[in-house]
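> I need the structure of the sequence given here:
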Amino acid sequence: MNLQNCTDQELIERFIKGEKRCMEVLISRHKQKVYSYILITVKNTHVADDLFQDTFIKVINSLKAGTYTDKGKFISWVIRIAHNITIDYFRREKNLNTYSNDDNDVDIFNNDKFSDDNIEDKLIGDQIESDVRSLIDFLPEEQKQIILMRHFAGMSFKDIAEQTNVSINTALGRMRYALINLRKIVEEKNVILTK
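Alright, predicted model coming up:
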């Protein structure tokens, strides 16, 4: 039987029985959603790579330990693990020393190492996506979370409701208010989001 045709649950059961290739198929199948969710949250590809790897290490260990119980909801479970690992990352970062430009006469961040690629080298579409991602940070946490889960992780409202422990109507309402607030932020900041 071709592993690509197996359901997530079938792959999980076969992986637990020792077929390591099944995990490769699961990772390949869900990499885009999980990685996108992490990347949009941390905004750093190197950190996202590490957190993605940590997520699937935890997935593998949990499956081997027999603690996976969300039959039929594998991707929601993996996104929840990714979310928790990302939160842990931010907690650790918060506890580390930080540097501020305010304490120095010289702008320590005005250095070629910290500069982005030249704006002419970027596609307009990438700039629009970047603008939207930065505007999302201005939203309240519940609204920000639902936008990330829905639009960047591709989760259904049902999965979002289950993961955030709210009703589907509450999840839909949060999305509605998030979009209304995003429109207001776009107007306030005079951001142009068209090609």
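> Need the nearest residue in space to the most centrally placed residue in the chain, chain neighbours excluded.
Geometric centre of the chain, nearest residue: Tyr37, 1.7 Å, by C-alpha atoms, centre = their mean. Leaving out its chain neighbours, the residue that sits closest to Tyr37 by C-beta to C-beta, 6 or more residues apart in numbering is Ala153, at 3.7 Å. (Glycine included, C-beta is placed from N, CA and C.)
> Surely that neighbour and Gln32 touch.
No. Taking C-beta atoms under 8 Å as the definition, Ala153 is not a contact partner of Gln32, at 9.3 Å.
> of these two, who's got more company?
Ala153 (27 against 11; other C-beta atoms under 10 Å).
> and that one, what does it touch?
Contact analysis of Ala153 by C-beta atoms under 8 Å, 6 or more residues apart in numbering lists 33-34, 36-37, 40, 79.
> any idea which of these is closest to Thr67?
Thr67 has its nearest neighbour among those in Ile79, at 16.6 Å by C-beta to C-beta.
> Check which residues of the helix or strand the closest one falls within are buried.
Element membership for Ile79 (DSSP states H and E) is helix 74-95. Going by neighbour count (16 or more other C-beta atoms under 10 Å), the buried part of helix 74-95 is 74-83, 85-86, 89.
> chain center to that helix: distance?
9 Å (C-alpha atoms, centre = their mean, to the nearest Å).
> Which secondary structure elements does that helix sit against?
Where contact means 3 or more C-beta pairs under 8 Å, 6 or more residues apart in numbering; DSSP states H and E, helix 74-95 is packed against helix 8-16, helix 21-42, helix 45-65, helix 157-164.
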